[in-house]
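# no FASTA, just this:
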């Protein structure tokens, strides 16, 4: 159990950092606006207070430290996703990482923003309330594939570093 927790922490943070690097590439090379994690913090903060948000989260009252809360939730989600993936794959995968299962998991993990985050932020299920839903969906899928690639690369790095 200790190995699962420590591996989840290292691989989950690594995969999330990789996903964030992809977001920076999109922002600076392709001029794609990144998700504002302050809005994620605002949403979670209001949920914790028992508030229901109607409309887009940007119209809700600001929550103290919402940006820090949002980034914390972002990285905790990455660790939880990594723990889920590692529990499914078992220790054999960490000993000999294979890319296909990590990419598949990344693709499946896009259901979380489609069904939870995007509706919570006011974008609708699978970004249905955005100006270009199919573009938003494709970007979310690619971002989560990058998370899957990050799982694989982080596991490889861990294997190399731990011998």
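It's in. It should be emphasised that the depicted structure is a prediction, and the values quoted were computed from it without experimental measurement.
# only C-alpha atoms for contact and neighbour calcs from this point on.
Noted.
# what's near enough to touch residue 71?
Contacts for residue 71 (Cα atoms under 8 Å, 6 or more residues apart in numbering) come out as 37, 38, 41.
# correct me if wrong: the last one contacts residue 68.
Yes - contact status for residue 41 versus residue 68: in contact at 7.2 Å, counting by Cα atoms under 8 Å.
# other SSEs contacting the helix or strand where residue 23 lies?
Secondary structure from DSSP states H and E places residue 23 in helix 2-29. Counting contacts by 3 or more Cα pairs under 8 Å, 6 or more residues apart in numbering; DSSP states H and E, helix 2-29 is packed against helix 66-95, helix 133-162.
# buried sites along whichever helix or strand comes after it?
Using DSSP H and E, the next helix or strand after helix 2-29 towards the C-terminus is helix 37-48. Neighbour counts using 16 or more other Cα atoms under 10 Å place 37, 38, 39, 40, 41, 42, 43, 44, 45, 46 of helix 37-48 among the buried residues.
# dump the contacts of residue 71 to CSV, plus pLDDT and distance to residue 137.
Converted to CSV, the contacts of residue 71 look like this (pLDDT from 0 to 100; distance: Cα to Cα, whole Å):
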residue, pLDDT, distance to residue 137
37, 97, 18
38, 97, 21
41, 98, 22
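# can you tell me which of these is nearest residue 90?
residue 37 (31.2 Å; Cα to Cα).
# what sits against the closest residue in space to residue 65 that isn't next to it in sequence?
Nearest non-adjacent residue to residue 65, counting by Cα to Cα, 6 or more residues apart in numbering: residue 41, 7.8 Å away. Residues counted as contacts of residue 41 (Cα under 8 Å, 6+ apart) are 63, 65, 66, 67, 68, 69, 70, 71, 73.
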